[in-house]
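>>> Generate a structure from the sequence data that follows.
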Amino acid sequence: MTHPRNLATSARPTPAPVRWLDTLKVYREAATLRMLSLGFSAGLPLLLVLGTLGFWLREAGIDRTTIGYLSWVGLAYGFKWVWAPLVDHLPIPGLTRWLGRRRSWLLLAQAGVVLGLVGMATADPQIALDRVVWCALAVAFCSATQDIALDAFRIESANAERQAALAAAYQTGYRLAMIWAGAGVLWVAARAEVATAVGSYQPGAWQTAYLVMAASMLVGVVTVLVSREPARRPQPPARSTGAWLRSVLVEPFADFLRRYGKQAALILALIAVYRISDVVMGIMANPFYVDMGYTKDEVAAVTKVFGVIMTLVGAFIGGVLSMRLGVMRVLMLGAVLSAASNLLFAWLGTRGHDVQALVLVVSADNLAGGIASAAFIAYLSSLTNVNYSATQYALFSSMMLLLPKWLAGFSGKFVDAYGYSQFFTMTALLGVPVLLLVALASKVKVPVAQTE
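Numbers count the residues shown, from 1 in each chain. As a prediction, the model looks like this:
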């Protein structure tokens with residue numbers, strides 16, 4: 001017998017196509033603007049413990065193999081699903097009563113990021129590399145915790161139709177933070193250098209730059225304080241500790257497997273490798289710029305400002321195209337462009353100190369990355385059930401980083417053995433299997449994940 005709900009659904013008239021003007025108006029809504037600021041807070045720590053840190057370490061004389069291994073600090077982002085259930089359900093004494101579940105965890109995580117950045121600023125890697133690493137690990141852990149709460153905050157702040165726009169706004173804020181954490185930190189460090197010793201390693205300049213970055217986290221703190229907590233969905237109370245643990249730790253993963261069945265393995269495989277070309281290549285980007293003789297100001301202007309602006313353009317294009325053409329088509333486009341753009345870095349390695357070539361390569365790479373990121377975030381959001389939004393999204397976004405970050409740890413050793421050009425070519429080839437997985441995943445029917 002046909003279920004009454006199915007009859008009601010089938011009787012609904014087909015909605016009229018959304019006009020382009022109405023599509024663009026979503027970017028003016030309050031939830032979208034909040035996500036712009038919170039995306040800035042999320043994007044700020046990442047480069048400071050990975051990309052920009054690599055520039056600092058290479059300038060301090062740390063070898064590339066060590067820099068590659070130290071990128072495993074980023075694995076904290078790959079394991080955040082382990083403590084995501086706690087962020088999803090555990091209240092913070094005092095803070096949760098005042099701010100609510102999502103905002104209290106956001107504020108606590110942001111405070112941890114600030115303290116970690118201050119710790120990094122007060123250490124010199126030439127003298128106390130271990131201290132820099134431990135502080136960077138603390139920043140990565142707190143940043144990953146912020147991501148867990150923020151992803152849930154984003155998913156619960158709007159309906160499914162607006163998730164692509166929220167993802168684009170999040171990416172815009174994220175990339176603006178990357179301009180500041182990439183170009184800004186290099187610009188501040190360059191300005192803080194003693195004029196009589198320009199060209200030599202000056203730890204005091206990096207200390208000033210990282211203290212400025214710590215203060216910049218106030219953007220996220222203020223946004224959390226002035227935002228409203230998303231409406232909390234009631235959940236039945238657990239009768240025992242075991243029942244509570246099952247609902248917190250087991251049910252979010254069981255829900256995903258129930259909804260997708262055998263197709264879950266295909267989806268998880270796609271998530272695990274979609275960004276592998278970009279992530280593995282990115283660890284060696286800043287050491288590459290140092291070794292090619294680019295100055296802080298050149299790297300700041302080209303790769304961290306102009307390049308990130310192109311990423312913003314790509315994120316906007318990706319968000320709009322995803323809403324108009326469908327996420328899977330744009331996901332395939334992003335996969336093709338991301339892998340192909342790495343070949344341009346192999347060409348750049350043959351050019352020497354060529355700023356114009358750097359502009360061309362960085363523009364193409366960041367445009368491709370913006371398109372891919374916006375579509376991928378929208379895809380992950382479509383897989384998520386709001387009843388377990390923090391845990392499930394943390395699982396998806398963690399899997400996106402786990403394998404790529406692990407492989408990236410060997411990137412410095414590979415460059416030392418074979419050179420930059422072969423390394424960039426290899427990272428492009430890593431993207432070929434992604435195309436097949438996207439094609440297969442496009443045939444998977446996505447069930448309704450955002451339950452009432």
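
>>> Buried residues in the top helix by length along the chain, which are they?
Counting by DSSP state H, the longest helix found in the chain is helix 125-156. Using 16 or more other C-beta atoms under 10 Å as the burial criterion, the residues of helix 125-156 that qualify are 125, 129, 132-156. To be clear about C-beta, it is placed using only N, CA and C from the backbone, and glycine gets the same treatment.

>>> which regions of the stretch 251-400 of the chain sit below the pLDDT cut-off?
Applying pLDDT under 70 to the stretch 251-400 of the chain flags the ranges 304, 386, 388-391, 394.

>>> The same query, at a cut-off of 90, please.
The stretch 251-400 of the chain contains residues with pLDDT under 90 at 251-287, 289-342, 346, 349-357, 359-400.

>>> those helices in it, which residues are they?
Counting by DSSP state H, counting those that start in this stretch, the stretch 251-400 of the chain has these helices, from start to end: 251-260, 263-273, 276-282, 285-291, 296-299, 307-325, 327-348, 355-382, 389-408.

>>> now these in TSV, with distance to M120 and mean neighbour count?
Formatted as TSV, those follow (distance: least, C-beta to C-beta, whole Å; neighbours: other C-beta atoms under 10 Å):
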stretch	distance to M120	mean neighbour count
helix 251-260	33	17
helix 263-273	30	18
helix 276-282	19	25
helix 285-291	16	21
helix 296-299	18	20
helix 307-325	22	22
helix 327-348	28	21
helix 355-382	26	23
helix 389-408	19	24
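
>>> For V438, which of those helices is the nearest?
helix 327-348 (4.8 Å; C-beta to C-beta).

>>> quick one: contacts of stretch 402-413?
63-69, 71-72, 74-75, 77-79, 272-273, 275-276, 278-284, 287, 423, 430 (C-beta atoms under 8 Å, 6 or more residues apart in numbering).

>>> What's the end-to-end length of it?
19 Å (C-alpha to C-alpha, to the nearest Å).

>>> Now do that stretch: distance to the chain's middle.
17 Å (C-alpha atoms, centre = their mean, to the nearest Å).

>>> Now do it, average pLDDT.
Throughout stretch 402-413, pLDDT has a mean value of 88.

>>> still on that earlier bit, next SSE downstream of the longest helix of the chain?
Using DSSP states H and E, the helix or strand that directly follows helix 125-156 along the chain is helix 163-179.

>>> picking that back up, of the helices of the stretch 251-400 of the chain, which approaches A168 most closely?
Among the helices of the stretch 251-400 of the chain, helix 307-325 sits nearest to A168 (C-beta to C-beta), with 2.8 Å.

>>> That closest one vs helix 163-179, what angle?
Angle, helix 307-325 to helix 163-179, by axes from the mean of the first three to the mean of the last three C-alpha atoms, to 10 degrees: 180 degrees.

>>> now for helix 307-325, which elements pack on it?
helix 20-25, helix 163-179, helix 327-348, helix 355-382 (3 or more C-beta pairs under 8 Å, 6 or more residues apart in numbering; DSSP states H and E).

>>> The same query, at a cut-off of 6 Å, please.
helix 163-179, helix 327-348, helix 355-382 (3 or more C-beta pairs under 6 Å, 6 or more residues apart in numbering; DSSP states H and E).

>>> so what does the longest helix of the chain touch, helix or strand wise?
Contacts defined by 3+ C-beta pairs under 6 Å, 6+ apart place helix 125-156 against helix 30-49, helix 75-78, helix 84-89, helix 101-121, helix 389-408.

>>> of all the helices of the stretch 251-400 of the chain, which lies closest to V212?
helix 296-299 (14.4 Å).

>>> Check the offset of that closest one from the chain's centre.
24 Å.

>>> List of residues touching that helix?
186, 190, 289 (C-beta atoms under 6 Å, 6 or more residues apart in numbering).

>>> Could you find the closest non-adjacent residue to G119?
In space, and not counting its chain neighbours, G119 is closest to C135: 3.6 Å by C-beta to C-beta, 6 or more residues apart in numbering.

>>> actually G78, not the one I typed
L402 (3.6 Å).

>>> now the one you found: how far from G51?
Going from L402 to G51 by C-beta to C-beta, to the nearest Å gives 19 Å.

>>> Next, find the distance separating the closest residue in space to S363 that isn't next to it in sequence from F40.
Once flanking residues are discounted, S363 sits nearest to M310: 4.9 Å by C-beta to C-beta, 6+ apart. Going from M310 to F40 by C-beta to C-beta gives 18 Å.

>>> for D63, same thing?
33 Å.

>>> now do T303
19 Å.

>>> ok, now which ones touch L440?
So L440 contacts L266 (C-beta under 6 Å, 6+ apart).

>>> ok, 8 Å please
Per C-beta under 8 Å, 6+ apart, neighbours of L440: 266, 270.
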